[in-house]
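S.K.: generate a structure from the sequence data that follows.
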Amino acid sequence: MNRTDSAPVYLACAIILSNLSFPPLPLPMIVTSLTFAITLAAPCFAAQLRPGLTVPTLTQVRGILALLEAPIISTLVSRAALPAEASLYSNGGQDLLAYIAKKEKVASSAGRFDYGTLEYPFTLPLVRPDRTTNKNTFPPGRFHQDTFSPNSNLTTFYINTLVPLIQAANVAAGSSSVFFHMASPTPADVDAKYNLDATLLALLSHRASIGKIVAESKFASNTTGFIPLIESKDVSTIRILLTNTTQESVVLATADAAAQEVANAWGEAQTFPVEVQMAFTSSVQEAVAKLFRELIDVTTLVEVKYLLQRLN
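M.R.: Down below sits the predicted model:
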């Protein structure tokens, strides 16, 4: 169990016990004192109840990452079936983030962003980080929550780079929409577009955040190599140790093949003419290539940030 921040817990217990003294305190003072004690202790008790989570092996993690490839690409292709007007993403995507905020409040109440889920919100506070102490040393191989989220990086990339590529794919498909409305606002299907945006961003965030357990797995297999670099904050060398260009090439190649397959299947279902099919598939492959290159880079950043806090 994670026994961090025990001093506030002891203080809270002392406050509670003091209210049981004789002669008893006036009721309003007891209520105020107990409320303060509960507020003080709640996050600390929550931290103590955190389980010790052992991360999967690197081979297992690669399998986990591979499972996310199809959902990411299929959601991107589904989003390309709708126009991606630039006006929807003005002011840094404020309207999109406002839409996501409403969904995340519901998701948070359902436990989606709890400790260890490796899902992090775009608009809500992050789960509290772990602290390494003498009593809880977080041995190599145990997950150690840090303070970094890749969501800001992903949002910027999504709005500035991916949305134009999605729009290009939609134009290649004839600037069409899969929805039919006898009457529709302009721009049409905003909720459907933002819903797919939110789903895709959540998948990208989860995929990049798995870099935390990638980093832990690599750290556990080479503590003597990583610890001096972490202590000296040698980011460049840490990044070199984390990078596997052979595996990166495999990821990019399989993503490209999957993009071609999904885009072709979509075009066949939509009965695209051959020239439209080729243009659509090519546009999707371009978007997926840039997306997975960015995912690799952001995931590496997640790994570096995780390790820099690993000994804290």
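S.K.: can I assume Arg112 is in contact with Leu124?
M.R.: No - using C-beta atoms under 8 Å as the test, Arg112 is too far from Leu124 to be in contact (10.2 Å). C-beta here means a position set from N, CA and C on the backbone, and glycine is covered the same way.
S.K.: and Val274, how many neighbours does it have?
M.R.: A count of nearby residues for Val274, using other C-beta atoms under 10 Å, gives 8.
S.K.: pull the contacting residues for it.
M.R.: Contacts for Val274 (C-beta atoms under 8 Å, 6 or more residues apart in numbering) come out as none.
S.K.: can we see that at 10 Å?
M.R.: Gly267 (C-beta atoms under 10 Å, 6 or more residues apart in numbering).
S.K.: can you check which residues contact both of Arg112 and Leu124?
M.R.: Counting by C-beta under 10 Å, 6+ apart, the residues touching both Arg112 and Leu124 are Glu104.
S.K.: could you list the low-confidence segments of the stretch 1-150 of the chain?
M.R.: For the stretch 1-150 of the chain, the stretches with pLDDT under 70 are 1-49.
S.K.: surely Val77 meets Ile166?
M.R.: Yes - Val77 is in contact with Ile166 according to C-beta atoms under 10 Å; the separation is 9.4 Å.
S.K.: more neighbours, the two?
M.R.: Ile166 (27 against 23).
S.K.: now do the SS call for the residue lying closest to the more buried one once chain neighbours are set aside.
M.R.: Excluding its sequence neighbours, the residue lying closest to Ile166 (C-beta to C-beta, 6 or more residues apart in numbering) is Ala84, at 4.5 Å. Of the three states, Ala84 takes coil under DSSP: H, G, I helix; E, B strand; the rest coil.
S.K.: and Ala84, what does it touch?
M.R.: Ala84 neighbours (C-beta under 10 Å, 6+ apart): 162-171, 187, 193, 196-197.
S.K.: okay, it and His144: tell me how far apart.
M.R.: From Ala84 across to His144, the span is 38 Å (C-beta to C-beta, to the nearest Å).
S.K.: ok, Ala202 next?
M.R.: Ala202 is 23 Å from His144, by C-beta to C-beta.
S.K.: likewise for Tyr89?
M.R.: Applying C-beta to C-beta to Tyr89 and His144 gives a distance of 35 Å.
S.K.: try Val302
M.R.: To His144, Val302 is 13 Å away according to C-beta to C-beta.
S.K.: same check on Ile238?
M.R.: 15 Å.
S.K.: quick revisit: in a markdown table: the contacts of Ala84, plus pLDDT and distance to Phe292.
M.R.: Shown next, in a markdown table, are those (pLDDT from 0 to 100; distance: C-beta to C-beta, whole Å):
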| residue | pLDDT | distance to Phe292 |
| --- | --- | --- |
| Leu162 | 98 | 11 |
| Val163 | 98 | 17 |
| Pro164 | 98 | 17 |
| Leu165 | 98 | 12 |
| Ile166 | 98 | 15 |
| Gln167 | 97 | 19 |
| Ala168 | 97 | 17 |
| Ala169 | 97 | 15 |
| Asn170 | 97 | 20 |
| Val171 | 97 | 22 |
| Pro187 | 80 | 28 |
| Lys193 | 97 | 22 |
| Leu196 | 98 | 18 |
| Asp197 | 98 | 18 |
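S.K.: tell me the one of the residues you listed nearest Ala208?
M.R.: Closest to Ala208 out of those is Leu162 (13.6 Å), distances taken as C-beta to C-beta.
S.K.: who's more crowded, Ala202 and His144?
M.R.: Legend: neighbour count by other C-beta under 10 Å for Ala202 and His144, higher for His144 (25 against 22).
S.K.: am I right that that one sits in a helix?
M.R.: No - His144 is assigned coil when assessed by three-state DSSP, not a helix.
S.K.: what about the helices in the stretch 101-250 of the chain?
M.R.: For the stretch 101-250 of the chain, the helices defined by DSSP state H, counting those that start in this stretch cover 151-157, 163-172, 190-209, 211-221, 223-231, 235-242, 245-269.
S.K.: only the buried residues of the fifth one, if you could.
M.R.: Of all the residues in helix 223-231, those buried under the rule 16 or more other C-beta atoms under 10 Å are Phe226, Leu229, Ile230.
S.K.: for the second one, same thing?
M.R.: The neighbour-count check on helix 163-172 (16+ other C-beta under 10 Å) flags Val163, Leu165, Ile166, Gln167, Ala168, Ala169, Asn170, Val171, Ala172 as buried.
S.K.: that one packs against which elements?
M.R.: Judged by 3 or more C-beta pairs under 10 Å, 6 or more residues apart in numbering; DSSP states H and E, helix 163-172 is in contact with helix 58-80, helix 190-209, helix 245-269, helix 274-308.
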